[in-house]
Structures are given as C-alpha cells and as structure tokens.
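Trainee: dropping a prediction and its sequence here:
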Amino acid sequence: TKKEIKRFSDSVTKSDLRDRVDLRDIPFVTIDGADAKDFDDAVYCLPLEDGKFRLLVAIADVSHYVKPGCAIDKDAQLRTTSVYFPRRVIPMLPEELSNGLCSLNPQVDRCTMVCDAIIGANGLVKAYQFYPAVIRSAARLIYDNVWAALCNPNGPEAKVMEHVLGNVQDLYDLYKNLIKSRELRGAMDFETVETYIVANEQGKIEQILPRERNDAHRLIEEMMLVANTCAADFLQKNKAPCLYRVHEPPSQDRLEKARATLAPFGVTLPGGDSPTPGDYAKVLESIADRPDKAMIQTILLRSMQQAVYSPHNVGHFGLAYDAYTHFTSPIRRYPDLLVHRAIRGILRRRKYVPKILVEPNEAEVPVQTREIICKAKPDDKKKVAHIDLWEKLGLLCSAHERRADEVSYDVMAWLKCNYMQKKLGQVFKGVISGVSPFAIFVTLEDLYVEGAIHISGLGDDYFVFDDKSNEIYGEDSGLRYRLGDELTVKVARCDLDARRIEFALVSKNRQSRPKTEAKRKTVKSSAAPRKPAARKTKKAPSAPKKRS
C-alpha cells in the first residue's frame with residue numbers, strides 16, 4: 001500500500017485531466033462540519049427560467065486513483081467504511097488520498113465525477129447526465145456559518161463568504177423546491193437528537209452536547225439525495241449491476257409493537273398492515289410541537305427495518321424512493337466507490353465486474369439481513385451478470401457497516417461511563433428510553449447519557465414485563481414504567497469493563513392503571529415465575545450492557 005501511495009503526485013497532473021470536462025471556472029463550494037477533513041462533495045446551482053435550477057454535484061473521483069484489485073483497493077474492501085470516534089477517525093483510504101489528493105479542498109484542482117441535473121420548480125429531476133470533470137472549490141464552508149449567513153445576509157458570517165454568498169443563496173432556493181418534492185412523495189423526516197463530545201487535550205470528556213441540525217445540513221442532504229437517486233436511475237436504465245441501498249417496509253410484529261407502545265401517547269399510526277412512508281410522515285408532522293416528540297420518533301424508528309446494501313433493488317421505504325444507491329461518499333464508503341466504477345464502465349461502454357478481495361463472514365450477518373441482500377427469484381438472478389459477486393459485496397459492506405457502528409457505540413459508551421464516574425451519588429432528571437424484562441433504561445435530560453435501573457430496584461412489588469406495550473408494571477400496585485416516563489435518579493455505579501452505568505430510582509411521577517387491567521395484560525415473558533408469597537422479584541441477572 002505504501003509503495004502505491006508513493007506513486008501518486010501531490011496534485012492533479014496533466015494526464016489526470018485527459019477526457020475531463022473543465023469546470024474550474026465554476027464556484028463550487030463544500031459545506032461540512034467544523035471538524036471535517038475529508039471533503040467528498042462540492043455543489044453549485046444556477047437558476048433557470050420558470051423556477052427551474054441546474055444543479056451540479058461534484059463528487060471526489062476516487063475510482064480514478066484506486067484501481068480494482070490494487071493493494072489500496074484490498075485495504076478499502078477490508079474496511080468498507082471509515083470509522084469515526086471522538087477526536088479520531090480510522091479512514092477507509094490512506095490519509096494521503098482521503099485528506100489529500102481525493103479530498104475537494106479549496107483553491108486546488110481536483111478530479112471529480114459530476115452529476116449534472118435539471119430540477120423543476122416542483123423539485124423533481126427533469127434530466128441529468130454524468131461525466132468526469134476537474135473542479136476547483138471556491139470555498140470550504142461550515143454548516144453553522146452558512147446558516148448564520150442565510151439568516152442574516154449582512155452579518156459577519158455572510159461577510160466572510162461574500163464571494164460565494166450568492167451561490168449559497170441560490171442553493172437555498174433550490175433546497176426549498178426539493179422540500180416540495182419530499183412532501184409530494186411522502187418521505188419521512190426524523191429530527192433525532194445526535195450528540196458530540198467536547199474533550200480536553202488529554203482526551204477526557206468535558207461536555208456532552210446535542211448537535212443542532214439546521215437548514216444548511218438539510219440543504220446538503222437534499223442535494224446528495226438528488227445525486228444518489230440519479231445514479232440509481234442511471235445504473236438501472238443501463239442495466240448495470242450495482243449495490244442499491246435498500247430499506248424494506250416494517251414487519252408485522254414490529255408494527256404491532258410500535259402501535260401498542262404509541263397508544264399511551266395518544267398517537268395512532270395509520271395504514272393498517274401496510275403503512276406507507278406518507279403515513280409515517282403524517283404522524284411526524286402531527287407531533288412536531290409536542291414536548292415528547294423525541295420519544296415518539298424513537299418508537300417509530302424502532303419499528304423500521306435496517307437499511308442494507310443489495311444488488312436486488314426493492315426500493316427505499318424511509319426515503320420513499322423506488323431506486324436508491326450511495327454515490328456521494330466514495331472517500332469513506334466502499335459501496336459508493338463500486339457505484340462510481342459501474343458508472344465509469346457505462347460511460348466507457350464497458351461492463352464493470354467487481355473483484356472479491358475479502359470473503360465476507362456470513363456468520364456476521366443476521367439471517368433476515370442475508371435474505372434481503374440475496375433476495376431474488378432464480379429467473380431474476382439469471383438476468384444479472386455476476387450476481388454472486390455483487391451479493392457477496394452486499395453482505396460484506398452491510399456487515400462491516402454494522403460492525404463500525406457497534407465499535408463507535410462501544411467507544412462512546414466507555415467514554416460516557418468514564419465521564420459519569422465523577423458524578424457518582426449525584427441526582428439527575430431523566431426519561432425512560434428503553435424497557436427490557438430485567439431493567440428499564442433512563443436517559444438523563446441534560447447529560448444525554450443512558451443508564452439502567454434493575455427491575456429489583458423499582459419498588460416493593462411483583463413486576464411484569466409486557467412485550468406488546470413495551471412496559472413494566474406492578475401486579476399489585478398497578479405502578480408502571482413505560483417509554484417517556486419522567487424519573488429522578490441517582491448515579492449508583494459505573495462499570496468501565498462492561499460499559500454500563502447503573503442508576504438508583506429516587507422518585508417517579510406516579511402513573512398507574514387499574515389492577516384488573518394490569519393483570520389482564522399479563523404475558524408469558526414475565527421477569528420471573530410467579531410465586532404466591534412473593535411481593536418483590538428475586539434478584540435477576542445484571543442488566544445487559546446494551547439495550548436490545
């Protein structure tokens with residue numbers, strides 16, 4: 001790998017420019033987070049007549065440098081994704097490429113693959129084309145500064161970016177059109193709270209803060225959706241195999257559980273056995289101003305299947321697209337690199353055949369996920385060339401994506417556990433964010449940290465877990481613990497090895513249902529066998545370190 005890296009120049013060469021459209025006179029901009037170092041995408045739009053826009057999405061042309069089967073390609077396929085931690089990133093590609101030659105840094109020439117689209121006033125794509133190009137980004141912009149400039153065109157943030165402010169304002173006007181398209185197709189828009197860690201120079205956590213999303217974030221997301229859907233359509237029309245990003249509708253058991261859990265909130269999910277994305281979108285719109293919307297959104301999210309990579313296109317339920325793929329992040333995602341290679345093959349009138357450099361471990365992939373990825377009728381499989389290779393790559397990329405998420409979660413859990421050790425014995429307010437047969441999970445309101453209260457610490461009663469309504473209730477008292485309930489808790493224990501924080505219950509807003517109803521709802525999955533003389537459950541095994 002190091003030998004291959006040494007062969008690359010520090011900048012774009014004359015040979016790199018061969019057969020590329022020269023777009024260096026167009027003021028593209030990148031808009032990312034303040035701590036970003038690898039810039040996959042740059043955008044520019046031009047207003048046309050009748051409310052139309054021409055949108056250019058330039059994506060780092062990693063496929064130009066990373067050839068199939070080379071050592072760098074094998075390393076990238078082994079990782080399949082960059083893994084992000086607080087204060088550190090393990091990149092999919094060597095930093096000389098991810099932060100250097102491939103990254104769309106400002107004021108330097110960069111090779112890109114461009115999605116060039118015409119978008120109507122209704123936000124629908126009227127036409128598009130793909131081609132390799134060379135660009136020179138005019139500015140590296142940050143989400144929060146862009147949003148501040150859009151809110152106050154005469155403010156200091158706008159002054160700093162005045163040479164591209166007009167372009168940014170055009171992009172925002174286009175974004176408003178794209179939102180119309182989202183509403184027309186009934187796509188969901190979850191506003192979940194993401195957190196980030198503020199650490200000192202020694203790596204110790206000083207604060208855990210919510211990451212605020214604004215229209216600058218949404219603007220870029222919508223531009224990327226345009227490029228991704230155009231890529232999927234382009235590959236479909238040219239009958240070129242690729243990895244689609246597929247997301248199946250919710251299963252019946254998940255729907256039943258979600259509806260039972262939503263009922264105490266007074267929320268109904270319409271659509272019967274087959275709710276549409278629009279049905280979900282209506283619920284999200286109806287709870288937009290509710291103080292408990294975050295918990296309701298969590299319940300809706302948990303009803304969803306997990307999105308995976310598959311060569312068999314079954315559509316994307318959450319985004320309400322018939323065909324969707326990942327094209328816009330080839331620096332940090334291997335499926336995007338594969339899509340670029342497939343598009344390049346079409347442009348060169350060749351069929352791209354992928355190489356399996358790393359055999360997937362199918363044991364890492366749940367059976368249900370394998371069924372989705374390899375979901376096709378025998379006749380359909382005959383129509384897709386080298387389908388077995390694409391299925392293996394789908395299994396590999398989906399498994400490694402999940403692995404990266406779990407590793408990131410594990411590191412964050414350890415850091416939070418370490419952070420809470422300083423707060424042993426302190427009292428905080430929180431809400432129930434999860435329920436299991438042996439524990440409830442509470443997220444602290446101000447610290448965004450989750451911990452467990454073992455069922456034996458809930459009170460002097462016999463507590464039963466209701467898996468349908470996802471709550472625990474006392475058979476004698478009728479006292480219940482359900483998602484969204486507010487509690488006051490004390491930090492009791494922090495286990496760094498198990499990545500587990502344990503709370504002790506201080507008080508609860510008492511909400512009970514009649515004992516007759518509680519007993520009527522008893523199910524087999526109770527925390528322990530019923531003993532007539534018992535008034536409190538025996539101490540069960542410690543709560544699992546991760547919520548199911």
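Mentor: That came through, no problem. Numbering: from 1, shown residues only.

Trainee: okay, strands next: where are they in the stretch 1-150 of the chain?
Mentor: 21-22, 29-32, 41-47, 53-60, 83-85, 88-90, 109-119, 125-136, 139-142 (DSSP state E, counting those that start in this stretch).

Trainee: would you turn those into a markdown table with distance to Leu337, mean pLDDT and mean neighbour count?
Mentor: Glycine gets a C-beta too; all of them are placed from N, C-alpha and C. Output for these, formatted as a markdown table (distance: least, CB to CB, whole Å; pLDDT from 0 to 100; neighbours: other CB atoms under 10 Å):
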| stretch | distance to Leu337 | mean pLDDT | mean neighbour count |
| --- | --- | --- | --- |
| strand 21-22 | 21 | 97 | 12 |
| strand 29-32 | 19 | 97 | 21 |
| strand 41-47 | 14 | 97 | 21 |
| strand 53-60 | 10 | 98 | 24 |
| strand 83-85 | 16 | 90 | 16 |
| strand 88-90 | 17 | 89 | 13 |
| strand 109-119 | 11 | 98 | 23 |
| strand 125-136 | 15 | 98 | 18 |
| strand 139-142 | 23 | 97 | 19 |
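
Trainee: so which of the ones you listed comes closest to Ser103?
Mentor: Closest approach to Ser103 among these (CB to CB): strand 53-60, 6.6 Å.

Trainee: that closest one vs strand 109-119, what angle?
Mentor: Strand 53-60 runs at 150 degrees relative to strand 109-119, counting by axes from the mean of the first three to the mean of the last three CA atoms, to 10 degrees.

Trainee: just checking: what are the partner strands of strand 53-60?
Mentor: strand 41-47 (antiparallel), strand 109-119 (antiparallel) (DSSP bridges).

Trainee: look up the closest residue to Asp410, ignoring the ones flanking it.
Mentor: Spatial nearest neighbour of Asp410, chain neighbours left out: Arg499 (6.3 Å); criterion: CB to CB, 6 or more residues apart in numbering.

Trainee: and the gap between that neighbour and Pro291?
Mentor: 30 Å (CB to CB, to the nearest Å).

Trainee: which one of those two is surrounded by more residues?
Mentor: Arg499 (19 against 8; other CB atoms under 10 Å).

Trainee: separation between that one and Thr369?
Mentor: In terms of CB to CB, Arg499 sits 24 Å off from Thr369.

Trainee: could you pull out the helices for the stretch 301-450 of the chain?
Mentor: Taking DSSP state H, counting those that start in this stretch as the test, the helices found in the stretch 301-450 of the chain are 334-347, 367-373, 378-383, 387-420.

Trainee: looking at those, which is nearest to Ala139?
Mentor: That would be helix 334-347 among those, by CB to CB, at 23.8 Å.

Trainee: show me the shaky parts of the stretch 401-548 of the chain.
Mentor: The stretch 401-548 of the chain contains residues with pLDDT under 70 at 509-548.

Trainee: domain map for the protein?
Mentor: 2-245+354-413, 424-520 (automatic domain parsing).

Trainee: can you redo those as CSV with distance to Pro277?
Mentor: Shown next, in CSV, are the domains of the chain (distance: least, CB to CB, whole Å):
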stretch, distance to Pro277
domain 2-245+354-413, 5
domain 424-520, 23
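
Trainee: for those, which one sits closest to Ala258?
Mentor: domain 424-520 (8.9 Å).

Trainee: re the thing from before, out of the strands paired with strand 53-60, which is closest to Leu93?
Mentor: The nearest among these, by CB to CB, is strand 109-119 at 14.3 Å.

Trainee: and the helices of the stretch 301-450 of the chain as JSON lines, adding distance to Asp75 and mean neighbour count?
Mentor: JSON lines is the format used below for the helices of the stretch 301-450 of the chain (distance: least, CB to CB, whole Å; neighbours: other CB atoms under 10 Å):
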{"stretch": "helix 334-347", "distance to Asp75": "10", "mean neighbour count": "24"}
{"stretch": "helix 367-373", "distance to Asp75": "23", "mean neighbour count": "17"}
{"stretch": "helix 378-383", "distance to Asp75": "30", "mean neighbour count": "10"}
{"stretch": "helix 387-420", "distance to Asp75": "13", "mean neighbour count": "19"}
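
Trainee: reformat those helices into a markdown table and put distance to Thr81 next to each item.
Mentor: Listed next are the helices of the stretch 301-450 of the chain as a markdown table, based on distance: least, CB to CB, whole Å:
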| stretch | distance to Thr81 |
| --- | --- |
| helix 334-347 | 7 |
| helix 367-373 | 16 |
| helix 378-383 | 27 |
| helix 387-420 | 5 |
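
Trainee: which among those helices is found nearest to Phe428?
Mentor: So among the helices of the stretch 301-450 of the chain, helix 387-420 is nearest, using CB to CB, at 9.8 Å.

Trainee: what's the angle from that closest one to helix 334-347?
Mentor: 150 degrees.

Trainee: for the domains of the chain, which one sits closest to Phe265?
Mentor: Among the domains of the chain, the nearest to Phe265 by CB to CB is domain 424-520 (6.7 Å).

Trainee: now find how far off-centre the closest one is within its chain.
Mentor: Relative to the centre of its chain, domain 424-520 is centred 28 Å away, using CA atoms, centre = their mean, to the nearest Å.

Trainee: in which helix or strand does Ile208 reside?
Mentor: Using DSSP states H and E, the element containing Ile208 is strand 205-211.

Trainee: so which bits of that strand are buried?
Mentor: Ile205, Ile208 (16 or more other CB atoms under 10 Å).
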